[in-house]
Every structure is written in C-alpha cells, then in structure tokens.
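S.K.: coordinates only, sequence not included:
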C-alpha cells in the first residue's frame, strides 16, 4: 500500500512591525562627493554621496530628499547636469559604471557602454561637453570612453598607457577635444602628474610632473587652470602649457569663479583660501565646520555663494567668511552594527576608522566611547 504522507502545516506568518529607535544624529553625515546646480533654477541642487546615492533639494539646500531609484550602487564618483535640459543628469558610480536620468532624478537607468569596469575603486568620471549635449566622456579610472549621441553608444578612445591611473579628468569648455587628466598612480613607467590631450583623449603629453592629487578645475573660458595635490597647488594661464606654484600646502578641494578665472578658492583642512590675482597671492577666509572636505563649488547665480561638501554640506553667502551647515535630510555615513552576545540590549556601532558608539537601551540612546573602552 502506498504510505499516506501528511503535509506539514503551513506556518502562520508573523507580521513584522518596525519603529524608529533613533534618528541617527550621533552618526556623521555621509561624504558629499559631487555638487551640481540646476542651470535654470537656483533653488534646485543635486549632490552625490559616498554611500547613499544622490540627493536633491528644491529649496536652495535647506532640505534634501534621496533620489536614487534605479542606481545599482550608492558610491557616486561624479555628477553632471545637461545645461540645455536640466531634467537630464548623468552619475558616475564607482565600481558601478554610468547612470542617466531624464526626469530630474526620480528614476535612473544604467548606460550600456560595455565599459571595462575593473575591481579597483579608482574613479568614475563623467564629462558633458558644454557646447554639445550629445557629446560625453566617461572614465572608470583606467580608460576613457566617448559618446557623440547622448550616451546611446560609446567608443573606447583610450586604454591604459600614460596617464595610467586617472583620478581627475576635465574638459576645456571652449574646445571639446582638449582634455586634462591627473595620474595618481604608483609612478614608474607613467610619471605621476598632470597630462594634456588635444585629440579627445587618444594621445597624451605630460604637462606637469608630480601632481598626484585629485583636484583639477578650469574656468568657463578655458584660460585658467588650477591643479593641486595635498602638498602644493599649481596654476596655469595658458591652457596648461606652462605652470607655476601657487600654494605650498596644496588643497583638498578647488573651485573657480564662473565669471573670472583669476578668482579661485582652495580648501585645505577646514580653512578656505581665496585668490583674486590668478593664484599669485592667497588670503584665508572663514572656517568650514565640516570634516573630510572633498568638493567645493561656486554658485553660477551669485559668485559670493559657495557650497562645500565633506561629511555633510555647508554653504556661505558672503564669499566664505561665515558658513552654515545645510545637511538636513542627507543620509548618515555607512556604519557597522553589532549586538553584545552577553547582553542583547547593548548595541555597538563602528563608524569609519575605529569610531565607536554604544547603546544600553537597544538603540534608543547612544554614547561615544573611546577605543580603549571597547570590550575585547
């Protein structure tokens, strides 16, 4: 006789109810890696972050909302906006390729460019030709691709040679075939430094050796360039043909006035410096209350307004003398959460490089603890 098999009873689903324990104010804000202005509305801004995708503000930065639906990864390396259609943006995602939105960031789709995405997290840089919205460049760090049809198709124009490890890439706004790149590689076969191409990235020449930092800016007329490592800043007023030293301590972030290339800003640590004479002399301005400053942008609407991005966002409307944090709604940084195996009501949060926090009430309240106090 065939044995009778009694089916197991279907388990009753247990509804999961979630509630907020803490708004996370004890955690630092996520690292801001890119800032762009809407070219038609000064109240609309976008920022890219290192762990939380893209955010948008419609009130001049007072509040932010996440807009990363469809982004495959959250680490934004670069962000550009179409000057002719501000609903179109491109986001370079580190280790994730290139993404595009046509609805102001409400949804994103991956750009199929058959990019050579490698396992090394070097860069993800997208450039849009200011003279032609259909013309773009993209670099994941070890190669350069070009599109002439708005990102539909791509051609690899450069493969690893010299420069070898591209950590910064900009386009001459008056000549889309002129590119500048910083090679921050290990040196050796390819000297670390600033490179220039006059044929759309196919061939390169070394313009300035020993420039190993990721900061590189050019003015709207393509005349003034500033390039910086963390040790020294250089400037050029002849499209990169000759260079001279400007600041001995270098810059963590650079910005240039959209109206006058002789006016530029250098963020070193939390201090902002300004030059009005093309980098010959520099004056310190106010202190920016941000850690890890990565990006600095001058408003295209009001030259006295600057935005600084680090662990959060800060803004000045007086040319840098005073700063106000504008991080409301921006995500917190990535962190690791652990439960004490001996006491389930005790939680530990590890943020970044050995920054520890502890909660004794299952996450409702948190205290910062020293590394030496962390249990074994």
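M.R.: Arrived safely. Because the structure is predicted, anything quoted here is derived from the model rather than measured.
S.K.: distance from the chain centre to whichever helix or strand residue 100 is part of, please.
M.R.: Per DSSP states H and E, residue 100 falls inside strand 97-101. Distance, stretch centre to chain centre, for strand 97-101: 14 Å (CA atoms, centre = their mean, to the nearest Å).
S.K.: where does residue 11 land on pLDDT?
M.R.: Residue 11 is assigned 68 on the pLDDT scale.
S.K.: name the helices or strands packed onto the strand holding residue 100?
M.R.: When contacts are defined as 3 or more CB pairs under 8 Å, 6 or more residues apart in numbering; DSSP states H and E, strand 97-101 sits against strand 89-93, strand 109-110. (Each C-beta comes from the backbone N, C-alpha and C, glycine too.)
S.K.: residues contacting it, please?
M.R.: Applying CB atoms under 8 Å, 6 or more residues apart in numbering, the external contacts of strand 97-101 come out as 67, 70-72, 87-93, 107-111, 113, 115, 117, 124, 126, 138, 140, 151.
S.K.: by how many degrees do it and strand 89-93 diverge?
M.R.: Here the directions of strand 97-101 and strand 89-93 differ by 160 degrees (axes from the mean of the first three to the mean of the last three CA atoms, to 10 degrees).
S.K.: pLDDT-wise, which helix or strand of this structure ranks last?
M.R.: Confidence across the helices and strands of the chain bottoms out at strand 244-247, with a mean of 73, counting by mean pLDDT, DSSP states H and E.
S.K.: save the helices and strands packed on strand 97-101 as TSV, and put in mean neighbour count, mean pLDDT and distance to residue 165 too.
M.R.: Listed next are these as TSV, based on neighbours: other CB atoms under 10 Å; pLDDT from 0 to 100; distance: least, CB to CB, whole Å:
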stretch	mean neighbour count	mean pLDDT	distance to residue 165
strand 89-93	26	97	16
strand 109-110	13	96	24
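S.K.: okay, those strands in JSON lines with distance to residue 202 next?
M.R.: Below are the helices and strands packed on strand 97-101 laid out as JSON lines (distance: least, CB to CB, whole Å):
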{"stretch": "strand 89-93", "distance to residue 202": "21"}
{"stretch": "strand 109-110", "distance to residue 202": "26"}
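S.K.: among those, which comes closest to residue 178?
M.R.: strand 89-93 (20.4 Å; CB to CB).
S.K.: partner strands of the closest one and their direction?
M.R.: strand 76-81 (antiparallel), strand 97-101 (antiparallel) (DSSP bridges).
S.K.: I'd like these as a markdown table, with distance to residue 52 and mean neighbour count appended.
M.R.: Formatted as a markdown table, those follow (distance: least, CB to CB, whole Å; neighbours: other CB atoms under 10 Å):
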| stretch | distance to residue 52 | mean neighbour count |
| --- | --- | --- |
| strand 76-81 | 9 | 24 |
| strand 97-101 | 15 | 23 |
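S.K.: quick one, helices of the stretch 251-376 of the chain?
M.R.: With helices called from DSSP state H, counting those that start in this stretch, the stretch 251-376 of the chain shows none.
S.K.: low-confidence stretches in the chain?
M.R.: 1-6, 8-15, 23-26, 211-212, 246-248, 334, 352-354, 371-376 (pLDDT under 70).
S.K.: packing partners of the strand ranked longest in it?
M.R.: In the chain, taking DSSP state E as the definition, the longest strand is strand 175-183. Other elements packing on strand 175-183 under the criterion 3+ CB pairs under 8 Å, 6+ apart are strand 166-172, strand 193-197, strand 215-218, strand 225-228.
S.K.: check the ones you listed for me and report the most buried one.
M.R.: Greatest average neighbour count among the helices and strands packed on strand 175-183 goes to strand 225-228 (a mean of 28), per mean count of other CB atoms under 10 Å.
S.K.: just give me how far whichever helix or strand comes after that strand sits from the chain centre.
M.R.: As assigned by DSSP H and E, the chain's next helix or strand after strand 225-228 is strand 233-236. Its chain's average C-alpha position is 22 Å from that of strand 233-236, according to CA atoms, centre = their mean.
S.K.: parallel or antiparallel, list what pairs with strand 233-236.
M.R.: By DSSP bridges, strand 233-236 pairs with strand 225-228 (antiparallel), strand 244-247 (antiparallel).
S.K.: could you pull up phi and psi at the nearest residue to residue 80 once chain neighbours are set aside?
M.R.: In space, residue 80 comes closest to residue 128 once its chain neighbours are excluded; the distance is 4.6 Å by CB to CB, 6 or more residues apart in numbering. For residue 128, the backbone dihedrals (degrees, to the nearest 10) come out as phi -120, psi 130.
S.K.: buried stuff in stretch 307-319?
M.R.: 307-316, 319 (16 or more other CB atoms under 10 Å).
S.K.: now, which of these sits nearest residue 62?
M.R.: The shortest approach to residue 62 among the buried residues of stretch 307-319 belongs to residue 315, at 9.5 Å (CB to CB).
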